[in-house]
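> what follows is a predicted structure for the sequence shown.
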Amino acid sequence: MTASWRGSVLDLPAGVLEELARELDVLGRDLHAARGDPGVHHALDGELEAGADGVRRLRGEVVFHARESKPLAAASATPDGRFGERHCVTPGTVCRGRPLLRAPGPSTYSGGRDGAIASASGSAMADTMRYEAADNVAQITLDDGKVNAMTLAFFEGLNAVLDRAERERPGAVVMAGRAGVFSAGLNLKVLPTLAPEELKRTMVAFGRTMLRVFTFPIPTVAAVTGHAIAGGAMLAFACDLRLMAEGPFRLHLNEVAIGLALPSWAIVLAQAAVPPRFHTEAILHARMYSPGEALERSIVHRVVRPAERAAEEARAAAAPLAALDQAAYAISKARHRAMVVKWATELLETEVGALPSRATIK
């Protein structure tokens, strides 16, 4: 490379891009670690976090372009096992502002016009998300073919499609599940098998991702296409509006019933979605709701009949929201939720550190 070269860094060969990604990974971790260094002046925290976020954004784009420039199987296999863990949905999409999370195994990227993103652990498909946009409304569809269980890969994938929405700026975003299931929440089969640091990363990513949806600068509508349990209920609660499919489905914040204390951020989401007179039964008593019961309590805004029309009706409900002034909406939403989000964010990592060991999570 000569001093007169004027091309983009992303035009470099795949091998060089991989090496750059590894260097950026180290730099990002060093910047993040500096925030907790007692020798670093506390006033620099904002600058350090901004620097780390900038590195993460660049690394996400570098990883994507490296993967595009050579076969995916080869791009996934690097000496430290970390390359390929970030997913940018489309060329030029920046995976910004999210912590780097180590994926449990090789990942595959499914490109194409609809921007589908898929993550695989071993030979089994773990999480699949689709992004489609029409008539100024984007739809994110969660469909892993099972119960849309939440894992590290799930949160990475959701952040990637949210990145795309922020980049493309549709007027509104619909969050939909698959027929019969919105999401069953965290994968309780996987959680007990995680090492302590992996468990911590998963739970921190869980909270940060849900709070990101809650503060998303574009109006959001949940198409609750079926069961929404635990984390699935939280994801629905994080959206501005909720339409739930009619059927033998449950909306259930069940943590207390299974012996888990709700984190502060989850309580913030529940309090925003559930009218105050029902806080005790929904949050502390782990009351489960049918679609009709949730509608009676104004926890959901509409029950859709037949159930198959849930996503379609949610897009229709999103249309008037898409006509709002986006800047005014984003600023007002940030101000409206600033205090509770700040409180929950400050407690997030402390509360994760107080979680029971992996052996007691059932």
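Cool, got the structure. Numbers count the residues shown, from 1 in each chain.
> show me which positions of the helix or strand encompassing Arg315 end up buried.
Assigned by DSSP states H and E, Arg315 belongs to helix 310-322. By neighbour count on 16 or more other CB atoms under 10 Å, the buried set for helix 310-322 is Ala310, Ala311, Glu313, Ala314, Arg315, Ala317, Ala318, Leu321, Ala322. Using the backbone N, CA and C atoms, a C-beta is placed for each residue, glycine as well.
> following the chain onward from it, which element is next?
Using DSSP H and E, the first helix or strand after helix 310-322 is helix 326-353.
> what sits up against stretch 312-331?
Stretch 312-331 is contacted by residues 135-137, 139, 169-174, 176, 217-219, 221-223, 240-241, 243, 301-302, 304 when judged by CB atoms under 8 Å, 6 or more residues apart in numbering.
> likewise stretch 264-279?
207, 210-211, 214, 233-234, 236-238, 242, 253, 255, 262, 282-283, 287, 297-299, 337, 340-341, 343-345, 347-348, 351.
> quick one: low-confidence ranges for the protein?
Confidence mapping of the chain against pLDDT under 70 gives the ranges 1-127, 356-362.
> so what are the domain limits for it?
Domain assignment for the chain by automatic domain parsing gives 9-84, 104-360.
> now the strands: where do they sit in the stretch 101-250 of the chain?
117-121, 124-134, 137-142, 172-176, 180-183, 220-224, 226-229, 241-245 (DSSP state E, counting those that start in this stretch).
> let me see the ranges of the helices in the protein.
14-34, 45-68, 72-76, 152-168, 196-214, 231-238, 264-273, 279, 291-296, 310-322, 326-353 (DSSP state H).
> the fifth one packs against which elements?
Applying 3 or more CB pairs under 8 Å, 6 or more residues apart in numbering; DSSP states H and E, one finds that helix 196-214 contacts helix 152-168, helix 231-238, helix 264-273, helix 326-353.
> repeat that with 10 Å
helix 152-168, strand 220-224, helix 231-238, helix 264-273, helix 326-353 (3 or more CB pairs under 10 Å, 6 or more residues apart in numbering; DSSP states H and E).
> can you lay out the ones you listed as JSON lines showing distance to Pro248?
Shown next, in JSON lines, are those (distance: least, CB to CB, whole Å):
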{"stretch": "helix 152-168", "distance to Pro248": "25"}
{"stretch": "strand 220-224", "distance to Pro248": "14"}
{"stretch": "helix 231-238", "distance to Pro248": "16"}
{"stretch": "helix 264-273", "distance to Pro248": "22"}
{"stretch": "helix 326-353", "distance to Pro248": "33"}
